[in-house]
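Peer 1: quick one: sequence plus predicted model below, questions after.
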Amino acid sequence: MLIPIGIGLLRPLISSKSRLTYSGIFRGFASSTSQRTSDKQAIKKDDEKEAETNFGFKYVPESMKEKLVGQVFTNVASKYDVMNDAMSLGIHRLWKDYFIRTMAPGPGTKLLDVAGGTGDITMGFLNYCKEIHGDTSAQVTLLDINPKMLDVGRERFNKTPYNQTSQIQFEIGNAENLSTISSNSFDVYTIAFGIRNCTHIDRVLSEAYRVLRPGGRFMCLEFGKVQNPIISSIYNLYSFQIIPVLGQVIAADRDSYQYLVESIQRFPSQDKFTEMIKDTGFTVIDKGWEDLTFGIAAIHSGFKL
Amino acid sequence: MEGLIGRSSKIMLQRIQTKSIIKPNLLNLRPHRSFSYSVSAKLINSNVESNEQKETSRIPLNLVHSEILRASLSFVPKYGWSVESLSHGANSLGYPSVSHGLFPRGGVELIEWFLEDSRRKMVNELIDKMDGLKIHQKIRLACITRLNYTKPYVKKWSEALAIMAQPNNVQTSIEHLAKLVDDMWYLAGDKSADVSNIIMYRDVQNIMDTFLNIPMMNWYTKRGSLAVIYSSTELYMTQDISPDYTGTFQFLDHRLQDIATFGRVVGEIDTFVGFVTKSLVGVLASGLEILINKVATPEL
């Protein structure tokens, strides 16, 4: 029992199979300093004009972030749901349930679930419509940039009664440029735990504004900043010490989960994000967000009016 | 004899007039107010103003709010004061049903808007009709006008009272009632804040008033007593099965007579205000009880 775990822990040092492969910039463990500096100089020439963005705690050229995030999610796709349960101790289900109840969709609502991935929100939405309203006319378009995540989602829905109905459409697309979606066509736009992975958040918000109908609601479930200092310190400890280890043990991929917790830190705080939502043109009610679990997660909401 | 009392009270009044008029500050209502109501803008972000140059065609949030709420009222008899009514109201205007999220507290926002809107309608309707009537007739007319607005929703009104009696909502519902009653007395020409005219009233007070040291007392008592009358009448109306609500109006008349004969027997302000508050809470709680009974025993 211990030997496989031991080998598992040593794996990143031994093989490079599951490691993200942007050479030079992104080597978590075993890169020599000379290699690093020479690569850095090479990169500096390339991207003198190109802006940099954050990828976890590292800075990468903007054009690379999408590809790197793509690699992260391709790696984690098969174990995504299991890892979510393990990391959040199942609380993410409560968050998503509350998210759908806050939305409280009526019959016949059309949902665009962006970065829907394995389809938690889609499933919750369809179940809500069926159970509360007895409604089977609700429509969902599940959009994700990563084909692997969509495949996992498709498999999951194939096991449910929904694969007989035409209520779900699966689409590959980039949240920053929803070219396949026409304007003013959806009632609700949701993006759950996806927006921090996007390179240009303002573009995502503008596209969301474009595809929503007047009166439509933008809802975003995302990790946030914890205000309470005691809980914040416990949370940080948990995030940085335990989650990557869990990632290594369960999914054999420490780096991806290191990226995850770092990206949470890099995402703007709740009030800054609300300002961005307002700047896009959404109408924001009251504070504009609701903290869940002391601010570990938050629901942001805006209306297109 | 009368002349003597009149003269001594006039001297008293001269002394009182030199003091500054104390304006009652309970619930921040001033006795003399203009009727320039501004639409509540507490929920609006400042985005509307900053984006005006970009999108002049965008409807201000105030209007959208009131439109949806007004449309939702027509669904109240069927779905009650709830998120469902708001969803249907939004749908009827062409907005998606999730627009009910504009009202995060749900049905209670509909009730509050209804109270505000009815009060404003009452004022607009009555502001010209008050000539030539005596004070008690004016009060009666104001009560009847206001009760008429509740008539379409009377079957669901006990539900509304129950929602308003919830601890979160009690404060705002009492504020609405206080504002309503304040407006009614204002329409009736109440000048009790103006001390120099205190001797003019004959309907509710007796001559003893002029010798009391609390000039604002009857401002409170008038409003307090009318609040109890109005809310108990409304509660009666939810159960009234008489044709054309004649029973309700008789009940109203009896209560108004009671107050007129009762007068100013209770002398201390805190006792009276305490009595009034307990009565109000009692009335709201009775509404809750009635609703529970209605739920337990099906209506005919």
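Peer 2: Now that the structure is in, tell me what you want to look at.
Peer 1: just the C-alphas of whatever helix or strand B:N91 lives in, formatted as PDB.
Peer 2: Here B:N91 sits within helix B:83-92, counting by DSSP states H and E. Output of helix B:83-92 as PDB, limited to C-alpha atoms (Å, rounded to 0.1, in the frame of the first residue of the first chain):
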ATOM      1  CA  VAL B  83     -41.800  34.700  -6.400                       C
ATOM      2  CA  GLU B  84     -44.200  32.900  -8.800                       C
ATOM      3  CA  SER B  85     -46.300  36.000  -9.200                       C
ATOM      4  CA  LEU B  86     -43.100  38.000  -9.900                       C
ATOM      5  CA  SER B  87     -42.000  35.400 -12.500                       C
ATOM      6  CA  HIS B  88     -45.300  35.500 -14.300                       C
ATOM      7  CA  GLY B  89     -45.400  39.300 -14.100                       C
ATOM      8  CA  ALA B  90     -41.900  39.400 -15.700                       C
ATOM      9  CA  ASN B  91     -43.000  36.900 -18.400                       C
ATOM     10  CA  SER B  92     -46.100  38.900 -19.200                       C
END
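Peer 1: does it come close to chain A?
Peer 2: Yes: Helix B:83-92 lies within reach of chain A by Cβ under 8 Å from any Cβ of the partner chain, at B:V83, B:S87, B:H88, B:A90, B:N91. Backbone N, C-alpha and C define where each C-beta goes, glycine included.
Peer 1: what's the farthest-apart pair in these?
Peer 2: Across these, no pair lies farther apart than B:V83 and B:N91, at 12.4 Å, counting by Cβ to Cβ.
Peer 1: on that earlier part again, let me know the closest of the residues of helix B:83-92 next to chain A to A:E222.
Peer 2: Of all the residues of helix B:83-92 next to chain A, the one sitting nearest A:E222 is B:V83; the distance, using Cβ to Cβ, is 24.7 Å.
Peer 1: relative to A:T160, how far out is the closest one?
Peer 2: According to Cβ to Cβ, to the nearest Å, B:V83 and A:T160 sit 27 Å apart.
Peer 1: what's the helix or strand for B:D258?
Peer 2: Per DSSP H and E: helix B:246-262 holds B:D258.
Peer 1: which residues in the stretch 201-300 of chain B form strands?
Peer 2: Applying DSSP state E, counting those that start in this stretch to the stretch 201-300 of chain B gives no strands.
Peer 1: neighbours around the residue in it positioned nearest to chain A, how many?
Peer 2: For the stretch 201-300 of chain B and chain A, the shortest gap (Cβ to the nearest Cβ) falls at B:V295, measuring 20.6 Å. B:V295: 12 surrounding residues under other Cβ atoms under 10 Å in any protein chain shown.
Peer 1: higher neighbour count, B:V83 and A:T160?
Peer 2: B:V83 (21 against 14).
Peer 1: buried sites along stretch A:58-70?
Peer 2: A:K58, A:V60, A:P61, A:M64, A:K65, A:E66, A:L68, A:V69, A:G70 (16 or more other Cβ atoms under 10 Å in any protein chain shown).
Peer 1: mind checking the longest helix of chain B?
Peer 2: In chain B, with assignment by DSSP state H, the single longest helix is helix B:269-296.
Peer 1: report the buried residues of it.
Peer 2: B:272-273, B:276, B:279-280, B:283-284, B:286-288, B:290-291, B:294.
Peer 1: tell me the residues of the stretch 201-300 of chain B that contact chain A?
Peer 2: Of all the residues in the stretch 201-300 of chain B, not one is in contact range of chain A (Cβ under 8 Å from any Cβ).
Peer 1: where does the stretch 201-300 of chain B dip in pLDDT?
Peer 2: B:201-218, B:261-274, B:298-300 (pLDDT under 70).
Peer 1: related to what we said a few turns ago, what's the helix holding B:D258 packed up against?
Peer 2: In terms of contacts (3 or more Cβ pairs under 8 Å, 6 or more residues apart in numbering or on different chains; DSSP states H and E), helix B:246-262 is packed against helix B:135-150, helix B:217-238.
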